[in-house]
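Visitor: The following block contains a protein sequence and its predicted model.
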Amino acid sequence: MSTARKTILRNAFVLGIVGLVASPDVASAQAGAPPAINQADTAWMLVATALVLLMTPALAFFYGGLVRSKNALNTMMMSFVSLGFVGILWALVGYSLAFSTGGAWVGDLSRVFLRGVNLEPQGTIPHVLFMAYQGTFAIITAALISGAIVERMRFSVYVLFISLWSIFVYSPVAHWVWGGGWLAKWGALDFAGGTVVHVNAAAAALVAAIVVGKRQEYPSSGLLPHSVPLTLLGAGLLWFGWFGFNAGSALAASPIAGLAFVTTMLAPAATLLVWTFLDAARSRKPTAVGAATAIVVGLVAITPAAGFISPMSAIALGAIAAVPSYLGLMVRVKTSLDDSLDVVAAHGIGGTVGALLTGILAEKSWNGLADGALFGNPKQLGIQAVAVLAVAVYSGVVSFVLLKVISLVTPLRATDKDEAAGLDISLHGEEAYLHEG
């Protein structure tokens, strides 16, 4: 054998050994071992978890700007408090009910108090990080409900309700879809929470608005947003955080994460475009509150579809989603339903439209999993419809029961005097703004 050939073979051997040492994922895959923790995936999921956690304070700004100044702090606190109560309950019991093996309807208690949740791989990221990421979803889902009952529900009652709701409603529904439960086995597609987050929260919000009742002054032209700039700030921060919400749901720094990132950029842009034209056609005055609402509707609608559809389909989805949510807002103001910040129109209708359109627009050539009705699989649309209906009914019924049980112990709403004075002073002893003079 020539000297040159020996050198080539020796170098190839050395490079192969170095490659195996430097790439443990490759070595373990060749040996048939389970996937190891991937540093790039872990880094991305650390960022994504922080982004989703930011969405709850962003929601506080979005909601806080839409209410009267005398209730601004109370409204914002309804979001912030979820970080503490729901976050801790998720670690203690919620995660186990959602993501342990269990059965078709709910997980078991094998992971309570984070037992066995440590640094071993969950996919390609540490198990404890996966738990934290999923916890940020539980936190903001519970906080979303507050938009339907602001300016009149007692704060202590609200805290108790969302705490119980996170255990008895959110965790089982998360198990159905993401924890290997019955909807997962049926093949329901929900990339980042169209049913688990938005339909779930909206059903609870609708029931809460009905049970608690309307505000004293509702309907009244005096119930106007006190700070539209705060609402715009909240909408912008929500969009920023939503990249972690959707792209992070790939659970890896992968091509699917890139797809979800792009669809999360395009769909709300299309919703905003269509919403602006709808506003202009109706009143000849495109509004800032309308723009902020449009962004949220687009984000909600793309959530279930983010990693399942093409970028062009995302534009179509966002554009289509604007219309039913806009009409829902117009219809609601003509009724006696005091869904104060239109949780049902934005999250309920938006989430439902997004989930159903996922069943139409999903493309296996993009997601590698399933096609929708438009690409030869009409069955998927039926599965999506069942998922939406099941989650809405379960959340609505259990939320009603929880509120009625709580009402047997303590009143649900603030006194007329406190409501008239504003809940910031009466329930928190603080004011958002100091009025001198």
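Guide: Sure thing, it's come through.

Visitor: from here on, contacts and neighbour counts on C-alpha atoms
Guide: OK.

Visitor: Can you tell me the closest non-neighbouring residue to the residue nearest the centre of the chain?
Guide: The centroid of the chain falls nearest to Val197 when counting by CA atoms, centre = their mean (4.6 Å). Leaving aside its sequence neighbours, Val197 sits nearest to Thr141 (CA to CA, 6 or more residues apart in numbering; 5.4 Å).

Visitor: Work out for me the element that neighbour sits within.
Guide: Assigned by DSSP states H and E, Thr141 falls within helix 127-144.

Visitor: hmm, who's touching that helix?
Guide: Contacts of helix 127-144 with the rest of the structure, by CA atoms under 8 Å, 6 or more residues apart in numbering, involve 45-46, 48-49, 52-53, 55-56, 59, 78-80, 82-83, 86-87, 90-91, 95, 117-122, 162, 165-166, 170-171, 197-198, 201-202, 205, 245, 343.

Visitor: What is the subsequent helix or strand relative to that helix?
Guide: Scanning forward in sequence from helix 127-144 by DSSP H and E, the next helix or strand is helix 155-165.

Visitor: For the helix or strand that that following helix is followed by, the averaged confidence score.
Guide: Later in the chain than helix 155-165, the nearest helix or strand by DSSP H and E is helix 171-178. For helix 171-178, mean pLDDT is 98.

Visitor: next one: stretch 50-69
Guide: For stretch 50-69, mean pLDDT rounds to 98.

Visitor: Distance of the spatially closest residue to Val199 that is not a sequence neighbour relative to Met78?
Guide: Distances taken as CA to CA, 6+ apart put Gly348 closest to Val199, at 4.8 Å, once the chain neighbours are dropped. Distance, Gly348 to Met78, by CA to CA, to the nearest Å: 20 Å.

Visitor: who's more crowded, those two?
Guide: Neighbours were counted for Gly348 and for Met78 using other CA atoms under 10 Å; Gly348 has more, 31 against 27.

Visitor: Tell me who's in contact with that one.
Guide: Contact analysis of Gly348 by CA under 8 Å, 6+ apart lists His198, Val199, Asn200, Ala201, Ala202, Ala203.

Visitor: same thing with Thr276?
Guide: Pro286, Thr287, Gly290, Ala291.

Visitor: which element is it on?
Guide: Assigned by DSSP H and E, Thr276 falls within helix 255-283.

Visitor: tell me which residues in that helix are buried?
Guide: Neighbour-count burial for helix 255-283 flags 256-276, 278-279 (criterion: 16 or more other CA atoms under 10 Å).

Visitor: just stretch 286-304 next, same as before
Guide: 286, 289-304.

Visitor: Could I get the CA-only coordinates of stretch 280-287 as CSV?
Guide: Only the C-alpha atoms of stretch 280-287 are listed here, as CSV (Å, rounded to 0.1, in the frame of the first residue of the first chain):
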residue,chain,number,x,y,z
ALA,A,280,-62.5,51.4,8.0
ALA,A,281,-65.5,50.0,6.2
ARG,A,282,-67.6,50.0,9.4
SER,A,283,-66.7,53.4,10.9
ARG,A,284,-64.1,54.9,8.5
LYS,A,285,-61.8,55.1,11.4
PRO,A,286,-59.3,52.3,12.0
THR,A,287,-58.8,52.2,15.8
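
Visitor: roughly how far out does that stretch sit from the chain middle?
Guide: The chain centre lies 29 Å from the centre of stretch 280-287; the measure is CA atoms, centre = their mean, to the nearest Å.

Visitor: Also stretch 36-49?
Guide: Mean C-alpha position of stretch 36-49 versus that of the full chain (CA atoms, centre = their mean) differs by 20 Å.

Visitor: Give me the contacts around it.
Guide: 24-25, 28, 120-121, 123-126, 129, 132-133, 136, 241, 243-245, 247-248, 251-254.

Visitor: can you put the contacts of Gly348 in a markdown table and add pLDDT?
Guide: Output for the contacts of Gly348, formatted as a markdown table (pLDDT from 0 to 100):
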| residue | pLDDT |
| --- | --- |
| His198 | 98 |
| Val199 | 98 |
| Asn200 | 98 |
| Ala201 | 98 |
| Ala202 | 98 |
| Ala203 | 98 |
